[in-house]
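**Q** Pasting the sequence and the predicted model now:
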Amino acid sequence: MNKTMLASALLCGSALAMTGCQTVESQMQTGNPLNQPVLKSTINTVTDNKSEVGQVFLRPVDGGVQVYGKLMNLQPGKTVSLHIHETGSCGDMGKAAGGHFNPDNKPHSNPDDMNGHAGDLPNLTANEDGVATINYVNKKISVAETGKYSVNRLAFIVHNGVDDYKSQPAGNAGDRVACGIIEKV
Ligand SMILES: [Cu+2]
């Protein structure tokens, strides 16, 4: 077994339960496959029953942080939005997570705009099985334990609607439906 396969196998072992080996293995092909995820988040609905909807991993790659994983139990074909919010709390139906992570005080924009929020991420569309995958390199965040751009102990928020990448301050993305604290793996 070469080193690349070993790295994938190790990740599969730890992440198999919720993300599925196949998806994670192909997502690991972005950037250096030997870099393991440093941070992860288990995303739960914000309602009282807090049911799990998916897991998202973060690992360093050339020029940024790869954000990858999947959300499940969505309505097939539905597009939702995902952001990193500034406070690591999912209380009060997700409102406790505060606004978008925005360490440089920029306007909200599309995630590829270096002049936008660090916490901006692409919209996700569910497939026919209600599964939406994300595999995106964010160039404005860090997986370091602390620091201005670190997302350790911040929160992912899933919104019920599409982010228009334009409206301020959060893309008119709709209600907060799911939330996950970002934590060390
Ligand atoms: Cu948001």
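**A** Looks like it arrived, so ask away. Note that this is a predicted model, so its numbers are computed, not measured.
**Q** hang on, isn't residue 99 packed against residue 105?
**A** No. Using C-beta atoms under 8 Å, residue 99 is not in contact with residue 105, being 11.1 Å away. Where C-beta positions appear, they are placed from N, C-alpha and C, glycine not excepted.
**Q** Compare these two (neighbour count), which wins?
**A** When residue 99 and residue 105 are compared on other C-beta atoms under 10 Å, the one with more neighbours turns out to be residue 99, at 15 against 6.
**Q** and the more buried one, what is it in contact with?
**A** 85, 86, 169, 170 (C-beta atoms under 8 Å, 6 or more residues apart in numbering).
**Q** Next one, pLDDT for residue 7 please.
**A** Residue 7 is assigned a predicted lDDT (pLDDT) of 41.
**Q** do residue 47 as well
**A** pLDDT, read off for residue 47, is 89.
**Q** Wait, it touches residue 94, no?
**A** No. Contact criterion C-beta under 8 Å: residue 47 and residue 94 do not qualify, at 9.8 Å.
**Q** These two: which is more packed in?
**A** More crowded of residue 47 and residue 94, by other C-beta under 10 Å: residue 94, with 25 against 11.
**Q** Model confidence score at the more buried one, please.
**A** 97.
**Q** By neighbour count, which of the contacts of residue 99 wins?
**A** residue 85 (27 neighbours).
**Q** measure it to residue 106 for me?
**A** 15 Å (C-beta to C-beta, to the nearest Å).
**Q** same deal with residue 159?
**A** 19 Å.
**Q** show me the residues around the closest residue to the ion within the chain that make contact.
**A** Nearest to the ion in the chain, going by C-beta to the ion, is residue 83, at a distance of 3.3 Å. If a contact means C-beta under 8 Å, 6+ apart, then residue 83 has 100, 101, 117, 119, 120, 121, 156, 157, 159, 163, 170, 173 as its contacts.
**Q** near the ion, from those?
**A** residue 157 (C-beta under 5 Å from the ion).
**Q** Give me the buried subset of the contacts of residue 83.
**A** 100, 101, 117, 119, 120, 121, 156, 157, 159, 163, 170, 173 (16 or more other C-beta atoms under 10 Å).
**Q** Quick one: those as JSON lines, columns for secondary structure and pLDDT too.
**A** Below are those laid out as JSON lines (DSSP: H, G, I helix; E, B strand; the rest coil; pLDDT from 0 to 100):
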{"residue": "100", "secondary structure": "strand", "pLDDT": "98"}
{"residue": "101", "secondary structure": "coil", "pLDDT": "98"}
{"residue": "117", "secondary structure": "coil", "pLDDT": "98"}
{"residue": "119", "secondary structure": "coil", "pLDDT": "98"}
{"residue": "120", "secondary structure": "strand", "pLDDT": "98"}
{"residue": "121", "secondary structure": "coil", "pLDDT": "98"}
{"residue": "156", "secondary structure": "strand", "pLDDT": "98"}
{"residue": "157", "secondary structure": "strand", "pLDDT": "98"}
{"residue": "159", "secondary structure": "strand", "pLDDT": "97"}
{"residue": "163", "secondary structure": "coil", "pLDDT": "98"}
{"residue": "170", "secondary structure": "coil", "pLDDT": "95"}
{"residue": "173", "secondary structure": "coil", "pLDDT": "96"}
